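Trainee: just coords:
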């Protein structure tokens, strides 16, 4: 509990153990967040046509414009797109072992 400030339960104790052992081997890890985009060139988000009748026509024009913008943005190297344009915030898929994850400090 003290390792995660009470933000997770005992079911994640194997994660803590494995991460501690792995940290002894490598000082840097690749997280599950955007790792596929970096290593396999998979895109997490792609424009899709919404289900017919789901949105009002005035919103559909904005959705179409967003698809065109996306088509322009992907005209770079796939890795540059994944790391600098698609990943949220200023972080990349790389992180330090001690960096907190989405589970309040539990490195997963």
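Mentor: Sure, I can see it. Worth saying up front: this structure is predicted, and the values here are computed from it rather than measured.

Trainee: where does the chain dip in pLDDT?
Mentor: 1-3, 30-34, 87-108 (pLDDT under 70).

Trainee: hey, which helix is longest across it?
Mentor: Counting residues, the longest helix found in the chain (DSSP state H) is helix 57-73.

Trainee: contacts for the helix or strand that that one is followed by, please.
Mentor: Proceeding N to C from helix 57-73, the next assigned helix or strand is helix 78-80, under DSSP states H and E. For helix 78-80, contacts defined as C-beta atoms under 8 Å, 6 or more residues apart in numbering pick out 38, 41. Bear in mind the C-beta positions are built from the backbone N, C-alpha and C, glycine included.

Trainee: can you give the distance from helix 78-80 to the centre of its chain?
Mentor: 14 Å (C-alpha atoms, centre = their mean, to the nearest Å).

Trainee: then stretch 69-76?
Mentor: 19 Å.

Trainee: in that stretch, what's buried?
Mentor: Neighbour counts over stretch 69-76 (16 or more other C-beta atoms under 10 Å) mark residue 74 as buried.

Trainee: cool, stretch 38-58 as well?
Mentor: Judged by neighbour count using 16+ other C-beta under 10 Å, the buried positions of stretch 38-58 are residue 38.

Trainee: can you give me the end-to-end span of it?
Mentor: One end of stretch 38-58 sits 36 Å from the other (C-alpha to C-alpha, to the nearest Å).

Trainee: from the chain's centroid, how far away is that stretch?
Mentor: Its chain's C-alpha centre and that of stretch 38-58 lie 16 Å apart, by C-alpha atoms, centre = their mean.

Trainee: what's the longest helix of the chain in contact with?
Mentor: So helix 57-73 is contacted by 46-47, 50, 55, 81, 85 (C-beta under 8 Å, 6+ apart).

Trainee: in TSV: these, plus secondary structure and distance to residue 15.
Mentor: Putting those into TSV (DSSP: H, G, I helix; E, B strand; the rest coil; distance: C-beta to C-beta, whole Å) gives the following:
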residue	secondary structure	distance to residue 15
46	coil	30
47	coil	34
50	coil	37
55	coil	40
81	helix	30
85	helix	30
